[in-house]
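Visitor: The sequence isn't on hand, but the structure is:
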Ligand SMILES: Nc1nc2c(c(=O)[nH]1)N[C@H]1C(S)=C(S)[C@@H](COP(=O)(O)OP(=O)(O)OC[C@H]3O[C@@H](n4cnc5c(=O)[nH]c(N)nc54)[C@H](O)[C@@H]3O)O[C@H]1N2
Ligand SMILES: Nc1nc2c(c(=O)[nH]1)N[C@H]1C(S)=C(S)[C@@H](COP(=O)(O)OP(=O)(O)OC[C@H]3O[C@@H](n4cnc5c(=O)[nH]c(N)nc54)[C@H](O)[C@@H]3O)O[C@H]1N2
Ligand SMILES: [Mo]
């Protein structure tokens with residue numbers, strides 16, 4: 001393990017004054033006005049608006065300010081007074097704007113007018129909404145529907161998502177990739193297979209009723225900070241919290257509640273994790289194997305005195321496949337487990353002993369498990385561990401994937417899915433009198449491959465920043481320009497808007513913080529949180545521009561201009577009153593959404609239910625499945641001299657591809673994102689020194705040369721054999737084929753790379769990182785540097 005003292009680190013707890021300073025630093029005077037405070041005070045409250053940042057629960061008994069540093073940043077980002085107007089676009093060509101950083105692009109402020117790309121002048125020019133819809137409709141009618149892709153990024157409401165998916169199916173395809181395809185798709189596929197439910201089984205109250213929590217690869221302090229409150233409560237109750245993460249993430253170490261005056265004044269912090277294990281990236285299958293091995297051994301001991309550690313009744317009644325799984329675990333030697341995990345047997349047994357002693361256990365995880373070639377095995381191994389002691393389907397227990405975007409889970413619930421078997425197509429057919437397409441649609445990876453091969457002719461993006469979020473940036477951007485039609489619905493300018501198809505539109509929408517006034521009055525929209533609770537959201541702010549339309553109106557506008565009229569599909573009525581869309585949702589999904597209108601403002605949200613929580617297993621065998629893992633490492637590649645496992649990381653100063661600033665406060669990395677993190681011993685072994693400028697090259701063995709240059713070496717506490725660097729800067733290094741085998745989630749947490757040193761040394765700063773990709777020696781990309 002690395003020498004802690006040589007590495008950068010952050011000594012203060014997460015939360016605390018640092019989080020308030022974090023907000024003030026970015027927004028300066030802009031944030032501390034009465035109107036902004038009024039907006040923030042209504043965030044995540046019943047009859048307020050729901051945060052646009054992450055999907056963490058909005059509890060019924062909320063705090064005075066039910067938002068966190070990052071929720072406030074996300075809101076303030078939308079409330080900015082800056083505007084990206086037609087004048088701005090008149091001054092800059094698209095080619096010029098492609099030279100701007102992601103940060104600078106978003107700093108131009110909120111988009112104000114619908115814009116059309118004009119090839120002759122290489123500029124975006126304003127156009128009327130009607131003109132944009134007509135042109136989009138004409139283009140879509142002119143191509144095979146199966147060659148169009150409708151992407152969504154996880155923010156749009158249930159109402160928008162439902163009509164967007166309906167639009168796709170009425171038009172004739174299931175090509176509905178979602179940001180979820182890059183995120184928790186591994187969860188959806190793995191949990192569905194082994195417990196018959198595609199989402200987590202935990203609800204908010206379980207957090208207060210559990211006896212132990214196990215955290216694998218989820219960074220609470222940065223990515224779901226409001227979760228720190230129930231975690232702090234649990235830690236104070238003496239609940240052991242055991243964490244496995246290659247990085248020592250501050251939020252999982254200690255926390256000062258910024259909403260507690262006493263804690264703020266005294267600087268008192270709560271220790272969060274009782275054990276913290278820096279597992280190798282990709283080493284979780286081995287850790288979980290080791291833990292199960294210890295549980296079996298403890299059960300053997302207990303049996304001698306007539307007791308059991310395993311929940312034998314549960315296993316007998318509710319599960320299948322224990323024997324084969326147990327045989328494999330018992331046959332796996334500790335040496336193998338230690339080598340793959342990078343942890344000692346004692347450490348793993350120490351963690352497992354907490355599991356043995358606890359009656360009620362919750363398993364929590366994030367991208368550290370899902371974004372691997374064998375992410376499926378990671379998730380199913382976690383379920384195996386929980387099943388051994390009946391830790392699914394009892395109060396205070398369960399499996400809890402922490403979802404990302406604020407409505408990413410909900411979008412899947414109401415039909416945004418490329419998998420026809422997950423959507424009640426027969427019901428849709430009846431409800432709207434049409435024959436929906438039944439063939440499998442394109443997920444994100446399939447869409448990327450389709451764009452690369454020229455099979456995809458049109459791309460509509462409902463939010464997001466697709467070309468920055470996906471792997472293989474250079475090849476994707478080059479292929480992008482060969483598409484006939486690209487449409488982006490967005491609040492702020494980003495890279496994806498500057499990589500155009502032949503015909504391109506940029507359509508600005510209301511943000512969720514803004515009043516959505518339609519013919520019937522102000523509208524409510526709804527979302528689903530990570531615990532499957534549905535919340536209404538209603539906003540009061542005056543929109544950023546009078547020319548904005550709501551996402552519902554934009555989707556309906558495009559659909560109406562594309563499709564033949566259908567008396568049952570009432571686009572205009574739906575736009576006039578979103579309650580009419582909620583009626584349709586309730587008709588398609590009666591079990592989950594009955595009495596939707598009456599229940600939409602239930603404090604804490606209304607629960608849409610989860611069969612696995614009731615111990616009803618909708619799997620092939622009708623039981624919860626023990627799943628012997630096929631591999632011991634989740635990386636999907638062999639170790640080799642000079643080959644490293646690259647973790648692509650998020651900082652607390654970004655929301656995905658939106659970069660708020662350059663302070664990764666909780667990791668002690670300030671004023672830069674252009675760093676390559678490595679432990680000090682590994683740095684010396686590689687013959688490198690602090691401040692040395694290096695390139696990373698992908699080592700996928702597929703003949704394509706991918707390189708990111710201009711990274712500065714920074715010593716950091718990490719396990720051996722791995723490196724850390726930021727997402728999305730590293731995405732040019734990821735092959736599109738490097739993804740989870742089952743779900744196709746890009747494997748962003750173990751990318752095989754090599755280091756290419758230079759002679760230069762400097763302090764890390766704001767210089768942009770460059771990237772080049774070569775296919776058979778030919779440079780690809782539209783403006784690779
Ligand atoms: N501020 C902020 N909040 C966000 C986001 C954001 O970008 N910024 N993004 C939102 C979205 S869309 C999502 S999906 C979530 C993402 O939230 P998380 O699921 O927390 O995702 P990451 O931060 O990418 O990575 C999680 C953790 O996995 C660890 N890790 C990496 N490799 C491994 C491994 O092999 N094993 C283990 N055990 N751990 C590993 C990393 O060190 C990191 O701490 O956050 C949401 N919230
Ligand atoms: N290497 C690597 N790659 C990754 C990941 C990783 O950990 N490592 N994480 C993956 C994950 S988990 C995810 S979820 C994806 C994220 O991928 P995306 O969801 O595609 O990306 P975002 O950065 O969240 O999208 C930000 C843009 O959304 C638009 N936007 C913001 N608010 C709204 C709104 O209310 N409405 C509309 N219409 N538009 C809006 C703005 O224009 C903004 O620029 O990236 C994935 N890519
Ligand atoms: Mo995500």
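Guide: Happy to help now that I have it. Fair warning: this is a prediction, and the values are worked out from it, not measured in the lab. Ligands and ions are numbered 1, 2, ... in the order given.
Visitor: Alongside ligand 3, which residues does this protein contribute?
Guide: Selection of the chain residues close to ligand 3 by Cβ under 5 Å from the ion yields 183, 404. Every residue, glycine included, has its C-beta placed from N, CA and C.
Visitor: repeat that with 8 Å
Guide: Along the chain, the residues adjacent to ligand 3 under the rule Cβ under 8 Å from the ion are 154, 179, 180, 182, 183, 184, 367, 403, 404, 405, 408, 656.
Visitor: For residue 774, what are phi and psi?
Guide: phi -130, psi 130 (degrees, to the nearest 10).
Visitor: quick one, strands of the stretch 551-700 of the chain?
Guide: 606-607, 624-625, 644-649, 654-655, 658-659, 663-664, 669-670, 675-678, 692-698 (DSSP state E, counting those that start in this stretch).
Visitor: For the third one, which strands pair with it and how are they oriented?
Guide: This means strand 644-649. Paired neighbours of strand 644-649 in the sheet (DSSP bridges): strand 722-726 (parallel), strand 751-761 (antiparallel).
Visitor: Distance to residue 172 and mean pLDDT added to the strands of the stretch 551-700 of the chain, as TSV?
Guide: Output for the strands of the stretch 551-700 of the chain, formatted as TSV (distance: least, Cβ to Cβ, whole Å; pLDDT from 0 to 100):
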stretch	distance to residue 172	mean pLDDT
strand 606-607	34	94
strand 624-625	36	98
strand 644-649	36	98
strand 654-655	34	92
strand 658-659	33	92
strand 663-664	45	92
strand 669-670	48	94
strand 675-678	46	98
strand 692-698	37	98
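Visitor: and residue 595, which of those strands is closest to it?
Guide: strand 606-607 (8.6 Å; Cβ to Cβ).
Visitor: For the closest residue to ligand 3 within the stretch 601-750 of the chain, give its distance to residue 557.
Guide: Among all residues of the stretch 601-750 of the chain, residue 656 sits closest to ligand 3, at 6.9 Å; criterion: Cβ to the ion. Look at residue 656 and residue 557: by Cβ to Cβ, to the nearest Å, they are 27 Å apart.
Visitor: Looking at the two now, which is surrounded by more residues?
Guide: residue 557 (22 against 19; other Cβ atoms under 10 Å).
Visitor: what number of residues lie near the nearest residue to residue 582 once chain neighbours are set aside?
Guide: The shortest distance from residue 582 to any non-neighbouring residue, by Cβ to Cβ, 6 or more residues apart in numbering, is to residue 596 (4.6 Å). Neighbour count of residue 596, defined by other Cβ under 10 Å: 23.
Visitor: Equivalent analysis for residue 429, please.
Guide: 14.
Visitor: Contact partners for it?
Guide: Each residue near residue 429 by Cβ atoms under 8 Å, 6 or more residues apart in numbering is listed here: 435, 436.
Visitor: Sticking with it, tell me its helix or strand.
Guide: helix 425-432 (DSSP states H and E).
Visitor: avg pLDDT for that helix?
Guide: Computed over helix 425-432, the mean pLDDT rounds to 98.
Visitor: Equivalent analysis for stretch 88-100, please.
Guide: 96.
Visitor: Is that stretch in proximity to ligand 2?
Guide: No - using Cβ under 6 Å from any ligand atom, stretch 88-100 never reaches ligand 2; the gap is at least 13.0 Å.
Visitor: what about that stretch, start to end distance?
Guide: 14 Å (Cα to Cα, to the nearest Å).
Visitor: same thing with stretch 648-661?
Guide: End-to-end distance (Cα to Cα), stretch 648-661: 18 Å.
Visitor: residues touching the closest residue to ligand 2 within the stretch 501-650 of the chain, list them.
Guide: Residue nearest to ligand 2 within the stretch 501-650 of the chain (Cβ to the nearest ligand atom): residue 648, separated by 3.6 Å. By Cβ under 8 Å, 6+ apart, residue 648 lies in contact with 725, 726, 727, 730, 731, 734, 748, 749, 751.
Visitor: Give me the pLDDT value at the residue lying closest to it once chain neighbours are set aside.
Guide: Closest residue in space to residue 648, ignoring its immediate chain neighbours: residue 727 at 4.0 Å, by Cβ to Cβ, 6+ apart. pLDDT, residue 727: 97.
Visitor: List the contacts of residue 727.
Guide: Residue 727 neighbours (Cβ under 8 Å, 6+ apart): 648, 649, 650, 656, 748.
Visitor: do that again at 10 Å, thanks
Guide: The neighbours of residue 727, taking Cβ atoms under 10 Å, 6 or more residues apart in numbering as the test, are 367, 371, 468-469, 647-651, 654, 656-657, 673, 734, 748-749.
Visitor: which one of those is nearest residue 418?
Guide: Of the contacts of residue 727, the one sitting nearest to residue 418 (Cβ to Cβ) turns out to be residue 469, at 16.7 Å.
Visitor: Check what pLDDT that closest one gets.
Guide: 97.
Visitor: do the one 5 residues further on as well
Guide: With respect to pLDDT, residue 474 has a value of 95.
Visitor: Can you give me the buried ones in the one helix or strand it maps to?
Guide: Element membership for residue 474, per DSSP H and E: helix 473-480. Of the residues in helix 473-480, 473, 474, 475, 476, 477, 478, 479, 480 count as buried by neighbour count, 16 or more other Cβ atoms under 10 Å.
Visitor: same thing with stretch 713-725?
Guide: Taking 16+ other Cβ under 10 Å as the criterion, stretch 713-725 shows 713, 714, 715, 716, 717, 718, 719, 721, 722, 723, 724, 725 as buried.
Visitor: Spell out which parts of the chain neighbour ligand 1.
Guide: 54, 70, 183, 216-219, 222-224, 244-247, 249, 279, 281-282, 284, 366-368, 402, 404-405, 647, 650, 652, 654-656, 749.
Visitor: Mark which of these are part of helices, please.
Guide: Judged by DSSP state H, helices contain the following of those: 70, 222, 223, 284, 367, 368.
Visitor: any idea how far the residue of the stretch 501-650 of the chain closest to ligand 2 lies from residue 677?
Guide: 11 Å.
Visitor: what do the two both touch?
Guide: 723, 724, 725, 726.
Visitor: who touches the last one in this structure?
Guide: In this case it means residue 726. By Cβ under 10 Å, 6+ apart, residue 726 lies in contact with 647-651, 654, 659, 664, 669, 672-677, 711, 769.
Visitor: before we move on, what about the second one?
Guide: Counting by Cβ under 10 Å, 6+ apart, residue 724 touches 246-247, 281, 645-649, 667, 669, 675-679, 714, 716-718, 730.
Visitor: swap the cut-off to 6 Å and go again
Guide: 647, 649, 677, 718 (Cβ atoms under 6 Å, 6 or more residues apart in numbering).
Visitor: can you check residue 522 too?
Guide: residue 515.
Visitor: Mind doing that once more with 7 Å?
Guide: By Cβ atoms under 7 Å, 6 or more residues apart in numbering, the residues touching residue 522 are 515, 516, 538.
Visitor: which one of the residues you listed is nearest residue 776?
Guide: The closest of these, once distances to residue 776 are taken by Cβ to Cβ, is residue 516, at 50.9 Å.
Visitor: show me what contacts the closest one?
Guide: 510, 522, 523, 539, 550.
Visitor: Just the ones in strands from those, please.
Guide: Cross-referencing these against strands under DSSP state E gives residue 522.
Visitor: Among the contacts of residue 516, name the buried ones.
Guide: 510, 523, 539, 550.
Visitor: hang on, isn't the last one packed against residue 512?
Guide: No - counting by Cβ atoms under 7 Å, residue 550 does not reach residue 512; the two are 9.9 Å apart.
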